[in-house]
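> Need the 3D shape of this:
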Amino acid sequence: MSTHQLFKRKSVQNVLRHSGTDGPSSGISLKRNLRLIDLTAFGIAAIIGAGIFSTVGNAAFSGGPAVTFLFIFTAIACAFSALCYAEFASVIPISGSAYTYAYVSFGELLAWMIGWVLILEYAVGNIAVAISWSGYFTGLLAGFGIIIPDFLTIDYFTALNTHHEAAELLASGNSLINLPQFMQDAYTTVENAPKIANIPVVLNLPAFCIVALITVLVYLGIQKSKRVNNIMVVIKILVLLLVIIVGAFYVQPDNWTPFMPNGFSGVFMGVGAVFFAYIGFDAISTTAEECKYPQRDLPRAMILALLITSILYVIVALILTGVVHYSELAVSDPLAFAFEKLGLSKFSGFIAFGAVIAMTGVLLVFQMGQPRIWMSMSRDGLLPEKFSKIHPRHRTPSFSTIITGMMVGIPALFMNLTKVTDLTSIGALFAFAIVCAGVIVIQQQKRKGTGIFPKSNFNIPYINSRYIIIVVWIVSAMASVITIDFSQLQSIVLEMPNLLFLIVAAIISVAAIIFKWSLIPILGLLINLYLMSRLDASTWESFLGWLLIGLIVYLMYGYRKSKLKEKKQFV
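Residues are numbered from 1 along each chain as shown. Down below sits the predicted model:
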């Protein structure tokens, strides 16, 4: 094995030259018809989804009204990352997103790992979104008196496992009526479900159907996807604006006291959930080859989408914690719950409708993003050629789109992956961190005048981090002195993710001082690494396991099939 190949970088010029003309659909490219307003709408659609309608409740329960600070902090962290994505998108307007950015900055191995990790953000994340969508959709229909049989709205493994637990309790002398409600429901669902060869037919049909419909829409072309998305974005923004306007009349300032009941540690317990609410702005970059003016509009769209959603999120979080005491918000549908508690049942149903639309938008954007990343990986030989096939009529990556639909839709039928928000978040944070680091490479190369990276329409302002990074460390230390319980200091510092972060952050900071690296990508890199360190050990174990599987797949296929042997394509 040649380690030289693992770190060889692809030149920007060849990335641009070969986009859309490589592989089995040579000469056929994606159709360019997206403008700034369409790109911004795709960004808003990807960001506003299950996060603000569901996971924000548990974050508010842990952090209290101060969860608004977490939204602001996370928005700033995402803003640094968005600026880095924007600079890359301006230099390399290609659909590979972070995968391609890593390839030209750090080489093939890290690029592959980023492409592999993005499956967590897009495909695996969409499985969770589809399952959540099913729950909201069936609840919405029930409000209109339309009841879908239970055996068609629950996943097979959850139903069977819960049925088995209930059967054991019944066998030990318990009565069904004394069991928890969810056990009663699962037991009766499995017992009453139709059976084939004595196997109960239990599946989450709505989750599969919405994935199938979205996959068909994405397959049929960007023009149709754009029109549907723009309509959905208008609806979801109107819903949130109405939540803010109506909720403002029911705010009780007493609910904001105490503002930070569990300290900063309580606030940061919700970091995975809140960051999950922001994931999506990066998905805009996967549409680069379908933009009319990608180098101009992509950077603007990312920043606009993040700005609009951040303002909405902070205000909604304040309204939510003002209407209902934070201690009551550990629910799966906090916005609907809050207005139900106020006696506004019809408005609660309207919010449920907004949640269904919001999650449909998320599904659409991520189902678009995943095939385009695979298309870019296929062009480089890291996936089979079929993944880069462009449909001659619809001008979409047809095979990749179908595979993405199957990869999301089939597990959504049978599995329960609703608890993967932290895993999705750590995957996105890893990609963000690599993109921020890649911008440091770009800026260093530009300063040296190597010509490797061409001039772009958008450049992050250069701010020397030599002195400011020292101030950042001092302020962080002072904040720690004020907020940390020193009786727990040793256990906090010695936790492996925290310890690794401190070591890596110190090394990065010293390098930034020595080499005068730009402040914005450095802050983006450090914040993303910090947010990763705040996720729990089980999330890290799953993430590292996923990386190991990805490395094995790369060594078995990508390494052998890579087009790195065509040396002229690389630097």
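> Over to residue 552. Which of the three states is it?
Secondary structure, DSSP: H, G, I helix; E, B strand; the rest coil: residue 552 is helix.
> Go through the longest helix anywhere in the chain and flag the buried ones.
Using DSSP state H to define each element, the chain has its longest helix at helix 345-379. Along helix 345-379, these residues count as buried under the neighbour rule (16 or more other CB atoms under 10 Å): 347-379. Bear in mind the C-beta positions are built from the backbone N, C-alpha and C, glycine included.
> pLDDT of it, averaged?
What helix 345-379 shows for mean pLDDT is 90.
> next one: that helix to chain centre, how far?
Centroid displacement of helix 345-379 relative to its chain, using CA atoms, centre = their mean, to the nearest Å, is 11 Å.
> and what of stretch 214-222?
20 Å.
> Mind checking the pLDDT average for it?
Taken as a whole, stretch 214-222 has a mean pLDDT of 95.
> can you give me the strands in the stretch 401-550 of the chain?
Counting by DSSP state E, counting those that start in this stretch, no segments of the stretch 401-550 of the chain form strands.
> Low-confidence stretches in it?
Scanning the stretch 401-550 of the chain for pLDDT under 70 picks out 417-419, 449-454, 477-496.
> Try it again at 80.
Scanning the stretch 401-550 of the chain for pLDDT under 80 picks out the ranges 415-422, 445-458, 475-499, 534, 536.
> so what's residue 153 up against?
Taking CB atoms under 8 Å, 6 or more residues apart in numbering, we find residue 153 in contact with 134, 135, 138, 204, 205, 206.
> Just name the lowest-scoring one in those residues, pLDDT-wise.
For those, the pLDDT minimum is residue 135, 83.
> so which strand or helix has that one?
Residue 135 is part of helix 125-143 when elements are defined by DSSP states H and E.
> Following the chain onward from that helix, which element is next?
Next in sequence after helix 125-143, counting helices and strands by DSSP H and E, comes helix 156-171.
> now the angle between helix 125-143 and that following helix, please.
Angle, helix 156-171 to helix 125-143, by axes from the mean of the first three to the mean of the last three CA atoms, to 10 degrees: 60 degrees.
> Would you mark the buried spots in helix 156-171?
Neighbour-count burial for helix 156-171, counted by 16+ other CB under 10 Å, picks out 156, 158, 159, 160, 162, 163, 166, 169.
> Identify the residues contacting the closest residue to the last one other than its chain neighbours.
Here the nearest residue to residue 169 in space, its sequence neighbours aside, is residue 179; by CB to CB, 6 or more residues apart in numbering that works out to 6.1 Å. By CB under 8 Å, 6+ apart, the contact set of residue 179 is 166, 169, 170, 187.
> now residue 125
279, 366, 420, 424.
> picking that back up, from the chain's centre, how far out does the helix holding residue 135 sit?
18 Å.
> next one: stretch 238-246
The chain centre lies 24 Å from the centre of stretch 238-246; the measure is CA atoms, centre = their mean.
> And it, what's buried?
Under the neighbour-count criterion of 16+ other CB under 10 Å, stretch 238-246 has 239, 240, 243, 246 buried.
> Could you report the separation of residue 143 from residue 12?
Distance from residue 143 to residue 12, counting by CB to CB, to the nearest Å: 53 Å.
> neighbour count winner among these two?
residue 12 (20 against 14; other CB atoms under 10 Å).
> So the more buried one versus residue 89, what's the distance?
Applying CB to CB, the value for residue 12 to residue 89 is 12 Å.
> Could you do residue 240 as well?
Going from residue 240 to residue 89 by CB to CB gives 27 Å.
> what's the answer for residue 562, then?
Counting by CB to CB, the separation of residue 562 from residue 89 is 24 Å.
> The two - which one has more neighbours?
In this comparison of residue 562 against residue 89, neighbours counted by other CB under 10 Å, the higher total goes to residue 89 at 29 against 18.
> Against residue 186, how distant is residue 157?
In this view, residue 157 and residue 186 are 11 Å apart by CB to CB.
> meant to ask about residue 217
Separation of residue 217 from residue 186 (CB to CB): 33 Å.
> of the two, who's got more company?
Ranked by neighbour count (other CB under 10 Å), residue 217 and residue 186 place residue 186 first, with 24 against 19.
> The residue nearest to residue 163 when sequence neighbours are not counted - how many residues pack around it?
Nearest residue to residue 163, sequence neighbours excluded (CB to CB, 6+ apart): residue 190, at 4.1 Å. Number of residues near residue 190 (other CB under 10 Å) recorded here: 23.
> How about the contacts made by residue 190?
Applying CB under 8 Å, 6+ apart, we find residue 190 in contact with 151, 159, 160, 163, 200, 202.
> pLDDT score assigned to the residue nearest to the second one when sequence neighbours are not counted?
Put plainly, it is residue 159. The spatial neighbour of residue 159 that comes closest, neighbours along the chain excluded (CB to CB, 6+ apart), is residue 202 at 4.6 Å. At residue 202, the model reports a pLDDT of 86.
> That'll do, ta.
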